[in-house]
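Q: Show me how the following folds:
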Amino acid sequence: VPSVGLHYFEAFPVTDVENTLRTIQITLFVGVLLITLLAGVLGFYMSKNVLQPLTRVALAANNIATGGLDTRLAHEDDSDLERLVISFNEMANAVQQRIEREQRFASDVSHELRSPLARLKMAVAMYGELPEAQRAGLKREIDTNVAELDALVAYLQVLGTSIK
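A: Model prediction:
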């Protein structure tokens, strides 16, 4: 009060304001925490859903790698994924056909090598038991079988370089 030379001060408790601010602070903290958890859970399920086609591709590739050559992917509604499915299935078909060709080839080669090897084994077993006059004929037979095996090996080498 200027006329008297006094100063007037009023003090009142701010506990109500403090309580209100504390309530707002706790509410915001809990809200941020809940939104973060919700976003994390939602992100996890969304990423799982988005990555599910890639998981199917990885499982199918693993099945093919472990011998399940008839494994194929089912068609997808999404055009981008459908291109991946078509490419994967074409690759799986090519791998399956190549492995089947190689299996047939190995079977054919083993069959072709058995006959001259059997004749050689028999000739070598008989060689020591024959008289000198018959050994010359047997040696020609052995030489013929060795030449046949050499020709087969040369053919396999040429075939092997052309397959690559």
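Q: Please report phi then psi for Leu73.
A: phi -90, psi 150 (degrees, to the nearest 10).
Q: quick one: contacts for it?
A: Going by C-beta atoms under 8 Å, 6 or more residues apart in numbering, Leu73 touches Arg56, Val57, Ala60, Val85, Phe88, Asn89. No exception for glycine: its C-beta is placed from N, CA and C like everyone else's.
Q: Keep only those of those that are in helices.
A: Arg56, Val57, Ala60, Val85, Phe88, Asn89 (DSSP state H).
Q: Output the contacts of Leu73 in a markdown table; the columns should cover neighbour count, distance to Val146 and pLDDT.
A: Formatted as a markdown table, the contacts of Leu73 follow (neighbours: other C-beta atoms under 10 Å; distance: C-beta to C-beta, whole Å; pLDDT from 0 to 100):
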| residue | neighbour count | distance to Val146 | pLDDT |
| --- | --- | --- | --- |
| Arg56 | 16 | 54 | 89 |
| Val57 | 15 | 51 | 89 |
| Ala60 | 19 | 48 | 92 |
| Val85 | 20 | 53 | 91 |
| Phe88 | 18 | 48 | 91 |
| Asn89 | 16 | 47 | 93 |
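Q: where in this protein is pLDDT low?
A: 160-164 (pLDDT under 70).
Q: so how far is Ala94 from Gly137?
A: 51 Å (C-beta to C-beta, to the nearest Å).
Q: and Phe29, how many neighbours does it have?
A: 10 (other C-beta atoms under 10 Å).
Q: let's have the chain start at 31 instead
A: Okay, residue one is now 31; in that scheme the one you just asked about reads as Phe59.
Q: All the strands of this protein, residue numbers only.
A: For the chain, applying DSSP state E gives no strands.
Q: Before I go, just wanted to say thanks for your time.
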